[in-house]
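Chemist: attaching a predicted model along with its sequence, questions to come.
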Amino acid sequence: MRGKVLTVVLMISSFLFLTAMGGKGGGFERAPRVDKNFSVTITDGAGNKITGEKFSWEGRVHFAGSLGMASVNVPFEKIKEISVGEKKEKKVKIMAKLKDGSEAAFDIDADSRCYGEATFGSFMLTMDEIRAISFK
């Protein structure tokens with residue numbers, strides 16, 4: 001009987017220990033390294049502004065999304081500013097004002113991440129937490 005109790009206690013302890021190791025993964029140490037340095041000012045959903053550099057989307061220097069059935073790729077070099085719409089079915093609508101004066105609209109994954117470096121350290125926001133990005 002004592003052996004069975006010890007086995008059950010050991011199994012429960014192991015389960016709790018191993019599930020505690022998983023975590024949600026919410027933290028990160030620094031922004032991914034990128035080949036080109038893009039400086040931005042980001043406005044989040046609460047109206048807070050973060051000015052930073054070494055900006056990237058998922059570690060890349062372009063946005064990738066969809067426009068109807070088409071996949072689109074919009075390089076940061078072409079973007080003046082973007083505004084982010086409300087989350088709908090795991091996507092957000094992006095309206096990009098381009099440097100040539102034209103506009104482009106496309107959908108992007110709401111949980112995709114933007115990274116950068118600010119004076120206080122690194123930052124990370126998901127697309128559905130962002131309202132606007134202004135490229136400098």
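Modeler: Now that the structure is in, tell me what you want to look at.
Chemist: from now on I want contacts and neighbour counts done on CA atoms only, so please keep to that.
Modeler: Will do.
Chemist: local confidence estimate at the most centrally placed residue in the chain?
Modeler: The geometric centre of the chain, computed from its C-alpha atoms, lies nearest to R113 (C-alpha atoms, centre = their mean), at 1.1 Å. In this model, R113 is scored at 96, pLDDT.
Chemist: give me the below-cutoff pLDDT ranges for this structure.
Modeler: In the predicted model, the chain carries pLDDT under 70 at residues 1-29.
Chemist: can you give me the strands in it?
Modeler: For the chain, strands defined by DSSP state E occupy the ranges 40-44, 49-57, 62-67, 70-75, 79-88, 91-98, 103-109, 113-118, 121-126, 130-135.
Chemist: let's have the ones you listed in TSV, adding distance to V34.
Modeler: Formatted as TSV, the strands of the chain follow (distance: least, C-alpha to C-alpha, whole Å):
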stretch	distance to V34
strand 40-44	14
strand 49-57	7
strand 62-67	11
strand 70-75	13
strand 79-88	17
strand 91-98	21
strand 103-109	20
strand 113-118	10
strand 121-126	14
strand 130-135	16
